[in-house]
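> Dropping a prediction and its sequence here:
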Amino acid sequence: MCGIVGYTGSKMAFPIVISGLKRLEYRGYDSTGVALLNDGLKVYKKKGRVADLENAIIGKDLHGHTGIGHTRWATHGEPNDKNAHPHSSASGKLVMIHNGIIENYAQLKKELVNKGYVFSSDTDSEILLNFIEEIKENNQCNLEEALRIALKRVTGTYVILLLDAENPDTIIAARKGSPLVIGVGKGEHFLGSDASPMLEYTKEVVYVNDYELAIVRPNELILKNLGNEQITPFVTKLDMELAAIEKGGYEHFMLKEIFEQPSTINDCLRGRLDAAAGTITMSGIENNITHFKNANRIIIVACGTSWHAALLAEYIIEELCRIPVEVEYASEFRYRNPIINKGDIIIAISQSGETADTLVAIERAKENGAIIFGVVNVVGSSIARISDGGAYTHAGPEIGVASTKTFTGQLAVLVMMALKIANEKGTISEDRYKNLLLELEAVPEKVDAILKSAEQLKTIALKYKDASDALYLGRGYNFPIALEGALKLKEISYIHAEGYPAAEMKHGPIALVDENLPVVFIATKDLYHEKIVSNIQEIKARKGKVIAIITEGDEIIPGMADDVFFVPFADDIIAPMLSSIPMQLLSYYIGIAKGVDVDKPRNLAKSVTVE
Ligand code: AGP
């Protein structure tokens, strides 16, 4: 949440900062601002998107070789010009941008108000900045020292970047609980919430850790801990190309990412799955195989779409590996007092690898002796780094706020993990194992076939775009897909939607059914097919409108449903990877028809780094 970017070097900072902000806009887009250091500080900020700021500063002085920028997802204080970052200190000599939440801001504010400070915004960030300045002036120390003292008093999360009018060419940064990447160039440095702002300039990056402070100058990068001890920066080579974060001719990132799925799933399987040889190679599992084989239980923690992948993993792991699995919302798990036994395996599923609740949940579990296994998309992210083992989803950067290709990537990884463990434990027959490997191998091709019929979903979307509510129903492996379908529709079209196990409908939601209610059934050919046919009848008997996602060759449901969309046949365990695609497309086309900015729907941010 909130995107931060910085540059110091021989180039003009503004163009680099502004294009970096455009790439980080997925992290929040309530307001935008930049500060430039050039013989004094210049600050420009505006409510709204990066484009709104660009329009507002036409003709202004944008010179400066050092600059910072911020795109905001509001926590403290509504989105408006005065709450936009950067904030200026009372003296005007310091400016700061902040991503995170200062939890003890009220106490710090009280102390500053007693000393006569007046604030011009409603943000916790402005309080922190003035707290730092107060320490600097009181102690007659430099900014770095003042920051170190201040951070020892702060509770909460932060990435902050600071500029000091009296300290040319220098950006001072600190991190706790939110991501910070520093790009190392020749006589220049780049800072970002992720590596996207620096991709065309350098592939060498340093991931800053919690409780570290960075002093960044064109030719110098000093990393220290809060105890003022110097740390050697660990430089990592980025494995990402610019094309991966561009739209590539698609109207929206979301559409591009939906259509990328045949190749992203392939990337996820490549080098791991060898159906002909009957093998799955996953070093993260192999290194921990004894733990997995002996595990008394697995707990999976995640949020949002990743939680839906977790729910599906519960069904799959319990069926194939016969290990009890519990699925937890990370935000609940971290605050209740769960029983964690030494040797318990905690799987954390996260696209970003930075979701605050998931991160803290696994930190707690780790303290209690659990083994942490991360299923993460963003390489080098916090969750990936603190996990004891893991498997990347290899879906590439996902810019659209709605998770699409990373969800199917998560499912592919989780199915492979379950198959690998089941095979090692001997809880799966040789025939089923081999058949599932072949089924998995065929997924990219089947997804490709589904995408070729995308236009049919556009037609269905236009029929239902004005609905005010929708129900999504599925059974067994398709139940988590019903939840995911409902989440996608809410996010992208602002239509209220609920996902339920189809049989649960009779225990309440059926009261909502009338001739205006679209009910989406995920009813592919599986164990429950006859049961779900009955559920469709029950909805039709009450005049509900049925949209059914069904398997090619199904001759029963087309006669009952108002609209159908066919997907190729697949084993029950594999089918969700296919049925999730029409869920994504239906939401996308409804969102577009309603004029929603689907890549940046209101109130949302891609990476939820505050709790
Ligand atoms: C879904 O479309 C959202 N992007 C959201 O629910 C997301 O899945 C959730 O915030 C968890 O994010 P993570 O996977 O990065 O941890």
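Now that the structure is in, tell me what you want to look at.
> how about the helices of the stretch 451-600 of the chain, start to end?
When secondary structure is read from DSSP state H, counting those that start in this stretch, the stretch 451-600 of the chain shows helices at 454-464, 479-493, 529-541, 575-593.
> Could you dump the ones you listed into TSV and include distance to Leu180 and mean pLDDT?
All C-beta spots, glycine's among them, are computed from the backbone N, C-alpha and C. Formatted as TSV, the helices of the stretch 451-600 of the chain follow (distance: least, Cβ to Cβ, whole Å; pLDDT from 0 to 100):
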stretch	distance to Leu180	mean pLDDT
helix 454-464	38	97
helix 479-493	27	97
helix 529-541	48	93
helix 575-593	31	98
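> Out of those helices, which gets nearest to the ligand?
Counting by Cβ to the nearest ligand atom, the ligand lies closest to helix 479-493 out of the helices of the stretch 451-600 of the chain; the figure is 5.5 Å.
> nearest spatial neighbour of whichever residue of the stretch 151-300 of the chain sits closest to the ligand, skipping sequence neighbours?
Scanning the stretch 151-300 of the chain for the residue nearest the ligand gives Met254, at 9.6 Å (criterion: Cβ to the nearest ligand atom). Counting by Cβ to Cβ, 6 or more residues apart in numbering, the nearest residue to Met254 once its immediate chain neighbours are dropped is Gly400, at 3.5 Å.
> which SS class is that neighbour?
Reducing the assignment to helix, strand or coil with DSSP: H, G, I helix; E, B strand; the rest coil, the entry for Gly400 is coil.
> what sits against it?
Applying Cβ atoms under 8 Å, 6 or more residues apart in numbering to Gly400 gives the contacts Tyr26, His252, Phe253, Met254, Lys256, Glu257, Val598, Asp599.
> Up against the ligand, what does this protein have?
Proximity of the chain to the ligand is assessed by Cβ under 6 Å from any ligand atom, with 303-306, 350-352, 355, 358, 401-403, 491, 607-608 identified as the residues in range.
> What's the local residue count around Lys458?
15 (other Cβ atoms under 10 Å).
> hang on, the earlier thing: closest one of the residues of the chain next to the ligand to Ala422?
Nearest to Ala422 out of the residues of the chain next to the ligand is Ser306 (Cβ to Cβ; 22.3 Å).
> Could I get the pLDDT score of that closest one?
Looking at Ser306, its pLDDT is 98.
> Find the residue closest to it in space, skipping its chain neighbours.
Closest residue to Ser306 in three dimensions, ignoring its sequence neighbours and counting by Cβ to Cβ, 6+ apart: Ile349, at 4.2 Å.
> burial count for that neighbour?
Using other Cβ under 10 Å as the criterion, Ile349 is surrounded by 31 other residues.
> Make 45 the first number, not 1, from now on.
Okay, using 45 as the starting number, the last item reads as Ile393.
> Would you map out the domains in the protein?
Structurally, the chain divides into domains by automatic domain parsing as follows: 47-288, 291-485, 498-655.
> Quick one: mean pLDDT over the first one.
Predicted confidence along domain 47-288 averages 94 (mean pLDDT).
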